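Asker: Attaching a predicted model along with its sequence, questions to come.
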Amino acid sequence: MKNKILNHAKQCGEAECCGFVIDNKIYLPCNNISSTPTETFEIAPDDWIRAEQLGEITAIVHSHPNGFPILSEADQFHQQQTGLPWWLVCNGEIHKFRFIPPLLGREFKHGEMDCYTLFRDAYHLCGFDFPNFYRDDDWWHNGQNLYLDNMESNGFYQVSASCLKNGDVILFSLNSKAVNHAAIYIDGNLILHHLPNRLSKRDLFSGYWLKNYHSIWRHKKWQPLNFTAILNNMAISTK
């Protein structure tokens, strides 16, 4: 299946290819009927019907022939409509993005939709995959230190607050001696994070948050382009 997808993308040249993964094992190539095929893709309704008749659609595939290996704002907007994983062909590789709900405005549910989920999902959009640790509520009161124990092993190193950059992960100790909260630094001295009993949101990194931060971490392979994927996701919440 991998070779079939890559060959289809190559055959489409400067135009974006598109197609479906069926039952996680079959690739169904489709014609891109977009009026601007070098910039966008559109799958014909008849191709959707044909795909559904073959089995379960488990992913949507398209390519960025001269673009970047991240989902664009339009890609992420339309992914929300499908609720499916999207696979992206770029630079001769297949980049697989699971379905990510909007980063802003999430309902909190510990262990399923919490501050670690937000951090993990945001970085997945940037091309990084981190484990989904099982975590009991109040794990920080039970001798665990899930953040500090796993940052370095997942490619992060500590940096000074004087050199904060977009995408840096800020760890906090909130009403605890242990680190128990994470946020992502974004433009304008803001943080993106998710607190219990609140919707995920942006806050100023000042006052209470500045007083209670523990440390700042940056991934070894982080590039400025990565942050664009997070911005693209936040932009769809304003549509």
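Answerer: Yep, that arrived.

Asker: Buried residues in the lengthiest helix in the chain, which are they?
Answerer: Secondary structure assigned by DSSP state H gives helix 224-236 as the longest helix of the chain. By 16 or more other CB atoms under 10 Å, the buried positions in helix 224-236 come out as 226-230, 232-236. Quick note: C-beta positions are derived from backbone N, CA and C, even for glycine.

Asker: Let me know the average pLDDT across it.
Answerer: On average, the pLDDT along helix 224-236 is 94.

Asker: How about stretch 54-73?
Answerer: Here the average pLDDT along stretch 54-73 is 95.

Asker: same deal with stretch 163-178?
Answerer: The average of the pLDDT scores along stretch 163-178 is 93.

Asker: How about stretch 2-12?
Answerer: 96.

Asker: Contacts for it next, please.
Answerer: Residues from elsewhere that reach stretch 2-12 (CB atoms under 8 Å, 6 or more residues apart in numbering): 17, 19, 27, 29, 32, 37, 61, 63, 65, 87, 89, 92, 94.

Asker: how far off helix 224-236 does the strand or helix carrying the last one point, in degrees?
Answerer: Yep, that's residue 94 we're talking about. Using DSSP states H and E, residue 94 sits within strand 93-97. If you take axes from the mean of the first three to the mean of the last three CA atoms, to 10 degrees, strand 93-97 sits at 40 degrees to helix 224-236.

Asker: Output the contacting helices and strands for strand 93-97.
Answerer: The elements that strand 93-97 packs onto, with contact taken as 3 or more CB pairs under 8 Å, 6 or more residues apart in numbering; DSSP states H and E, are helix 2-11, strand 86-90.

Asker: Would you give the sheet partners of that strand, along with the direction of each?
Answerer: strand 86-90 (antiparallel) (DSSP bridges).
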